[in-house]
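A.B. asks: got a predicted structure here, sequence first:
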Amino acid sequence: MGYRLHRGGKFRRWLGERLGGDFDLGDRVWRRALHVLGAIALVYYALPTDFFVIAPKEYVLLAALAAVLVVEGLRHAIGLELPTIRAYEEGRVGSFAIFGAAIVVAILLFPLPVACAVVLGTAVVDPLAGELRRDPRYRSVDAVGPFAVYSGLAFFGLAALGDWPPLPSIGLALLAGAVAVAVERPKVWWIDDDLVMTLVPAVALYAVGVVALGYPR
């Protein structure tokens, strides 16, 4: 038996059964929940720079990403088994590692309002879009729903967390939602949704909000 960082799916099977389904349901729900929890990275902004005694918080964030990438490297190098890895990820970089990298890039390279908007949006909307597409009953709203939720979360990130003016933030949030949905829908195996839904809207918000409108970084 190879190395693995899970218990053979016992928890995911138990979760699926509690929800009235099977292992596949539990695996999907757990994967979606972990994705949403990616937004916890925004706690970074609430921490003082010297919160960690060993190093500034920027270095600790980069070290956490490095640990994620090492685990992903071991998955390919020695066959380390990780939970919630889907079949199409077997021969490419896992989505969890790509999302982790996108979060760190957003936090370190973009202003706080922009990073909060796109990290919140992607963390919630990517799993939401996936769930809506699974069920034919929701096909009519599988674009409108994600657009509305991403825009709402982006507005919260820009205006509430980032303190940008509310009225322009509405327009910027709608821009972010439209860009995120547009780049998420085309499915190309080597382009990850988490990457484009985070960084492409971030570039758009930075270009319009900071460069064009001159809002503070």
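C.D. replies: In hand now; what should we look at?
A.B. asks: surely residue 5 touches residue 82?
C.D. replies: Yes. The pair residue 5 / residue 82 is scored as a contact, 5.4 Å apart, by CB atoms under 8 Å. Just so you know, the C-beta spots here come from the backbone N, C-alpha and C atoms, and that holds for glycine as well.
A.B. asks: which of these two has more neighbours?
C.D. replies: Ranked by neighbour count (other CB atoms under 10 Å), residue 5 and residue 82 place residue 82 first, with 16 against 11.
A.B. asks: state the pLDDT value of that one.
C.D. replies: pLDDT, residue 82: 92.
A.B. asks: distance of it relative to residue 126?
C.D. replies: 19 Å (CB to CB, to the nearest Å).
A.B. asks: do residue 208 as well
C.D. replies: To residue 126, residue 208 is 23 Å away according to CB to CB.
A.B. asks: same question for residue 37.
C.D. replies: Counting by CB to CB, the gap from residue 37 to residue 126 is 13 Å.
A.B. asks: neighbour-wise, which of the two wins?
C.D. replies: Taking other CB under 10 Å, residue 37 and residue 126 do not tie; residue 126 has more neighbours (25 against 10).
A.B. asks: SS state for the more buried one?
C.D. replies: Counting by DSSP: H, G, I helix; E, B strand; the rest coil, the backbone at residue 126 sits in helix.
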